[in-house]
Each structure stands twice: as C-alpha cells, then as structure tokens.
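Student: output the structure for:
(one chain, ligands or ions: 2)
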Amino acid sequence: HYLYSARDAFTPAMLQGKRVIVTGSSMGIGEQMAYRLAEMGAHVVVTSRSQEALQKVTSRCLELGAASAHYLVGSMEDKAFTESFVARASELLGGLDMLVLNHITSCPMSLFRGDMNMVRRVMEVNFLSYVTLTAAAEPLLSRSNGSIVVVSSLAGKVPTPLVAPYSASKFALDGFFSSLRREYSMTKVNVSVTLCVLGLIDTNTAMRAVEGIMSMPSAPKEECALEILRAGALRQEEMYYGASTWMSPLLMNPGRKLLEVLLSDYFNANLFVSKKTDP
Ligand SMILES: NC(=O)C1=CN([C@@H]2O[C@H](COP(=O)(O)OP(=O)(O)OC[C@H]3O[C@@H](n4cnc5c(N)ncnc54)[C@H](OP(=O)(O)O)[C@@H]3O)[C@@H](O)[C@H]2O)C=CC1
Ligand SMILES: C[C@]12CC(=O)[C@H]3[C@@H](CCC4=CC(=O)CC[C@@]43C)[C@@H]1CC[C@@H]2C(=O)CO
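Tutor: Residues are numbered from 1 along each chain as shown. Ligands and ions are numbered 1, 2, ... in the order given. This is a model prediction of the structure:
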C-alpha cells in the first residue's frame, strides 16, 4: 500500500512552473530528466562542459513545453565555476525549488592499481562538488521549502568491484546527504533530500563501459529520469530503480534506519536550534 499509494500521489502538475537545476544534463539520464521536466512545464537550467550539446538540450526543452530553459557551461572540476554556479542559475530561474545533482566524471571499469589522481578527480567531481552546490543552494531551497535530489548507484550501497573510486564517491554521498537530512529534520529546515539508488541504466556511457565486462539487463534512461523526478517531487528519502525488485527491501536496510533514529536521541537537543537563526 505504501509503495503504490506514494506512486499514485505524483502528478506532473507537481513540477509545473517549478524552478529546477539538473547537473550533468548534456546526455544520459540528466538529459532525459531535463526533457521530462520540460514536458511538465518546469523552468530548467541544464549544465555540463559541452556547450553544443547543452544548446541542443535547451532547444529541445523549449519544444517540449519548458516554462523556460537555460544552460550554463562549465566543469565541476573548476572550483570557481562550482562555487558561482547556483547563484548564476537561480538568477536565471528567479529562485530555486529543486536541485538535481547528477553529474559524474568519467571512470572506466578497472581494478584499482593506485591511481590517486583519478581517485582525487572522482571524489572532487562526484562528491565534493555536490556538497559545494548544496551549500550554495540551501538558503534558496529553505525559502522555497524545496528539494535536493542526489543521483547515486547500487555501487553507493553495495561494494562493487572494478569501480572502487566511483563506489567510494557514491558511498560518500549517502553518508553526507543522509546525515544532512537528519540535521534538516532536527533543525526544522523544510528541505527534502532524496537519494536515488540506480541499477544499470542504458545510457551510452554505461553501455560502452560494461561491454565485454558485464552482461546484465539495463533499464531505460527515459523511465529512470521520470522515476527520479517522481521521488524528488514526493520528497521520498530514497528511491530504487533499475535493480531487481527483490533488492529494494534489502537496500532499505531497516536496521540502519532504526539506529539513525535511536542515535539522534543521544544528542543534546539544544544544539539543534533552527538553522535559520544560525549566522
Ligand atoms: N548509467 C548507469 O548505468 C548508472 C548511472 N548512475 C548515475 O546516474 C548519473 C548519470 O549517469 P549517466 O547518465 O549514465 O552518465 P553520462 O555519462 O551519460 O552523463 C554524465 C553527465 O555529466 C557531465 N559531466 C561529465 N564530467 C563533468 C564535469 N567534470 N563537470 C560537469 N559535468 C560533467 C557530462 O557532460 P559533459 O561531458 O558535457 O561535461 C554528462 O552530461 C550519475 O550520477 C551516475 O552515477 C547510477 C547507476 C547506474
Ligand atoms: C559506473 C557506471 C554506472 C554504474 O553505477 C554501474 C556501472 C556498471 C556496473 C554497475 C552495475 C549495476 O547493477 C549498478 C550500477 C553499476 C555500478 C557503470 C559503468 C559506467 C557507468 C557510469 O560511469 C555512468 O554511466
């Protein structure tokens, strides 16, 4: 009942007119999320490193019915770009209702052999830039009672060979954003945090990467994009897509959820004054 009642509660009107940033949206799941948002009449800002691809995505968004569509070109490896991005994007949008953190740096599937430069790049782009963007977006989302949507992977919940640095970055997202969700709850900040745990999705990047390495079914990026946005609009804590149905109850990890609540009771409640009064 819980699963189906939540699904029934979503309507495209929930995102009509909403002001949404989607990172990593020149291709793949991010591109499809931009199109689903456009179809629902949202205002979208898309971003990645490729201006030509972004121009095509924003044109397609306007054709599909976006209330507005803009792009900002830059790399999330560039500290200055990442730190200024949310202010620039929210100026184009006139505020912010949903921040969809989706981008990742390229990471071929291979055994870890000590490439620390690659580990640093993966942690910088896949994790630290998400934290930077969230810090900049928090005041805007707090004002709009908005939503943060973090796109992760089965590899962010289950140790996975051949993608160790990528898996580390996705586990880090779970640790940081699940903790931030507890802080928001304890300080009465009405911003939702949705962690999206995805199985194999049929993007060009993924299909190229697994060729000859893994043979497993992949789920469609178009539906994946809609399911991510549905979960964000419904303010769900976690969503699971593209993995076998029997995996979801295991991924929900009720033991961790119980400990999360129990441990919160050990903290001095006076520490959790509303963030709105903090400097
Ligand atoms: N596809 C799958 O099987 C799965 C995907 N996921 C997750 O879904 C999300 C999207 O994956 P997917 O669509 O397959 O990925 P893609 O490779 O298709 O898209 C990645 C996006 O990130 C952008 N990007 C890459 N490097 C940078 C950078 N340095 N700065 C800013 N943007 C950058 C790319 O654009 P550009 O090159 O123009 O910068 C592109 O728009 C990721 O978070 C991934 O972890 C999770 C599980 C499975
Ligand atoms: C890393 C990447 C995206 C993933 O998360 C998958 C990985 C291939 C092996 C996998 C199987 C699964 O069932 C869960 C997802 C994943 C760990 C993919 C290889 C390249 C993909 C990427 O970088 C984004 O497209």
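Student: and the stretch 51-200 of the chain, which residues reach ligand 1?
Tutor: Counting by CB under 6 Å from any ligand atom, the stretch 51-200 of the chain comes close to ligand 1 at 53, 75-77, 102-105, 125, 151, 153, 198, 200. From N, CA and C alone the C-beta is placed, and that goes for glycine too.
Student: the same query, at a cut-off of 5 Å, please.
Tutor: Within reach of ligand 1 by CB under 5 Å from any ligand atom, the stretch 51-200 of the chain has these residues: 75, 76, 77, 102, 103, 104, 105, 125, 151, 153, 198, 200.
Student: count of neighbours near the third one?
Tutor: Spelled out, it's residue 77. 14 (other CB atoms under 10 Å).
Student: same check on the second one?
Tutor: The number of residues packed around residue 76, counting by other CB under 10 Å, is 25.
Student: can you give me the separation between residue 117 and residue 124?
Tutor: 10 Å (CB to CB, to the nearest Å).
Student: quick one: which of the two has more around it?
Tutor: residue 124 (17 against 7).
Student: so who does the spatially closest residue to the more buried one that is not a sequence neighbour touch?
Tutor: Spatially, and ignoring its direct neighbours in sequence, residue 124 is nearest to residue 77 (6.0 Å; CB to CB, 6 or more residues apart in numbering). Contacts for residue 77 (CB atoms under 8 Å, 6 or more residues apart in numbering) come out as 105, 121, 124, 125, 129.
Student: now with 10 Å, please.
Tutor: When contacts are counted by CB atoms under 10 Å, 6 or more residues apart in numbering, residue 77 touches 49, 105, 121, 124, 125, 128, 129.
Student: what's the most distant pair in those residues?
Tutor: Taking CB to CB, the two most distant members of those are 49 and 128; they sit 17.0 Å apart.
Student: how about residue 106: what's its closest non-neighbour residue?
Tutor: Per CB to CB, 6+ apart, closest to residue 106 is residue 205, 7.4 Å.
Student: the one you found should be in a strand, yeah?
Tutor: No: counting by DSSP: H, G, I helix; E, B strand; the rest coil, residue 205 is not found in a strand; it is helix.
Student: test my guess that it contacts residue 109.
Tutor: No: taking CB atoms under 10 Å as the definition, residue 205 is not a contact partner of residue 109, at 11.1 Å.
Student: residue 164: neighbouring residues, count only.
Tutor: Count around residue 164 with other CB under 10 Å applied: 17.
Student: and what of residue 172?
Tutor: By other CB under 10 Å, neighbour count at residue 172 equals 18.
Student: what helix or strand is it on?
Tutor: Taking DSSP states H and E as the criterion, residue 172 maps to helix 164-186.
Student: and that helix, how far out from the chain's middle?
Tutor: Chain-centre distance of helix 164-186: 11 Å, with CA atoms, centre = their mean, to the nearest Å.
Student: and the closest residue to ligand 1 within the stretch 1-150 of the chain, what does it touch?
Tutor: At 2.2 Å from ligand 1, residue 28 is the closest residue in the stretch 1-150 of the chain, using CB to the nearest ligand atom. Residue 28 sits next to 48, 102-104, 201-206, 221, 224-225 when contact means CB under 10 Å, 6+ apart.
Student: make sure I have this right: residue 100 is in a strand.
Tutor: Yes: Residue 100 forms part of a strand when assessed by three-state DSSP.
Student: hmm, it is touching residue 141, no?
Tutor: No: under the criterion of CB under 10 Å, residue 100 is not in contact with residue 141, lying 11.9 Å apart.
Student: out of those two, which sits in the busier spot?
Tutor: Set residue 100 next to residue 141 and count neighbours by other CB under 10 Å: residue 100 wins out with 29 against 25.
Student: weed out the non-buried ones from the contacts of residue 28.
Tutor: 48, 102, 103, 104, 201, 202, 203, 206, 221, 224, 225 (16 or more other CB atoms under 10 Å).
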